[in-house]
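In: Below is the sequence, then the predicted model.
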Amino acid sequence: MLTKTKLLEKLSDSKKNFTIFEHEAFFTVNDSTHKRGQIKGAHTKNLFLKNKKNKFFLISCHESSLIDLKKLSKSLNLGNISFANKDYLLKYLGVQPGSVSPFGLLNDMGNIVEFYIDNSLKKFDKINFHPLINTSTINMGFDEFIDFLIENNKKVNIFYFDNYSLIG
């Protein structure tokens, strides 16, 4: 499994511009809101979900987004979804609860997890995700982040969270 150190090496090797912030552990959006200090840019909420057919999904949106799982499921045709348990989280993304991040997709060697990111995050100069552990935050541009995932053979579905519709 990829570690924080190896992830940072991959980001550096790919010549991506990013800043790493070290901080105490954030387990919730509320923790992040109250403890992150001066980390600029969009802060995210990342949901690891599964349906009854054991298909897995990672949803990344702005931290203030309100999530209606039934509406999201219907709009993206995901089936009956719920939060996946920590065993699946470790198996597919290689992270513990509280550290959910799209960087974990690099641990999903079989590309089992479908990734969806909210288009509204593009309007921010920078976006923030944990680097596989919740005691750090990576801050980087949206386009560079997407390019990095694609360079690492990850499919990115961009959607409009406001009405849950896919782009393209």
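Out: Nice, thanks for sending it over.

In: residues near Asn77, how many?
Out: Other residues within reach of Asn77 by the criterion other C-beta atoms under 10 Å amount to 7. Where you see a C-beta, it was placed from the backbone N, CA and C, and this is true even at glycine.

In: swap in Met140?
Out: 19.

In: doesn't Asp118 make contact with Tyr160?
Out: Yes. The criterion here is C-beta atoms under 8 Å, and Tyr160 meets it with Asp118 at 7.4 Å.

In: These two: which is more packed in?
Out: Between Tyr160 and Asp118, counted using other C-beta under 10 Å, Asp118 has the larger neighbour count: 20 against 13.

In: and the more buried one, what does it touch?
Out: For Asp118, the contact set (C-beta atoms under 8 Å, 6 or more residues apart in numbering) comprises Ser60, Cys61, His62, Ser65, Ile158, Phe159, Tyr160, Phe161.

In: which of those sit farthest apart?
Out: The most widely separated members of the contacts of Asp118 are Ser65 and Ile158, with 14.5 Å between them, by C-beta to C-beta.

In: For the longest strand anywhere in the chain, name the packing helices and strands.
Out: Secondary structure of the chain per DSSP state E: the longest strand is strand 42-51. Judged by 3 or more C-beta pairs under 8 Å, 6 or more residues apart in numbering; DSSP states H and E, the packing partners of strand 42-51 are helix 29-35, strand 56-62, strand 81-83, strand 127-129.

In: now what about it, what contacts it?
Out: Residues outside strand 42-51 that contact it (C-beta under 8 Å, 6+ apart): 29, 32-33, 36, 56-63, 65, 67, 69, 73, 78-84, 88-89, 93, 100-102, 113, 121, 124, 126-129.

In: angle of it against strand 56-62?
Out: Orientation check (axes from the mean of the first three to the mean of the last three C-alpha atoms, to 10 degrees): strand 42-51 against strand 56-62 gives 160 degrees.

In: now strand 42-51, how far from the chain's geometric center?
Out: Averaging C-alpha positions (C-alpha atoms, centre = their mean, to the nearest Å) puts strand 42-51 6 Å from its chain's average.

In: Export it to PDB, keeping only CA atoms.
Out: Below are the C-alpha coordinates for strand 42-51, written out as PDB (Å, rounded to 0.1, in the frame of the first residue of the first chain):
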ATOM      1  CA  ALA A  42     -11.600  24.500  -0.700                       C
ATOM      2  CA  HIS A  43     -11.800  22.000   2.000                       C
ATOM      3  CA  THR A  44     -13.500  18.700   1.100                       C
ATOM      4  CA  LYS A  45     -15.800  16.100   2.400                       C
ATOM      5  CA  ASN A  46     -15.000  12.600   1.100                       C
ATOM      6  CA  LEU A  47     -17.500   9.800   1.300                       C
ATOM      7  CA  PHE A  48     -16.600   6.100   0.700                       C
ATOM      8  CA  LEU A  49     -19.800   4.300  -0.300                       C
ATOM      9  CA  LYS A  50     -21.000   0.900  -1.500                       C
ATOM     10  CA  ASN A  51     -24.100  -0.500  -2.900                       C
END
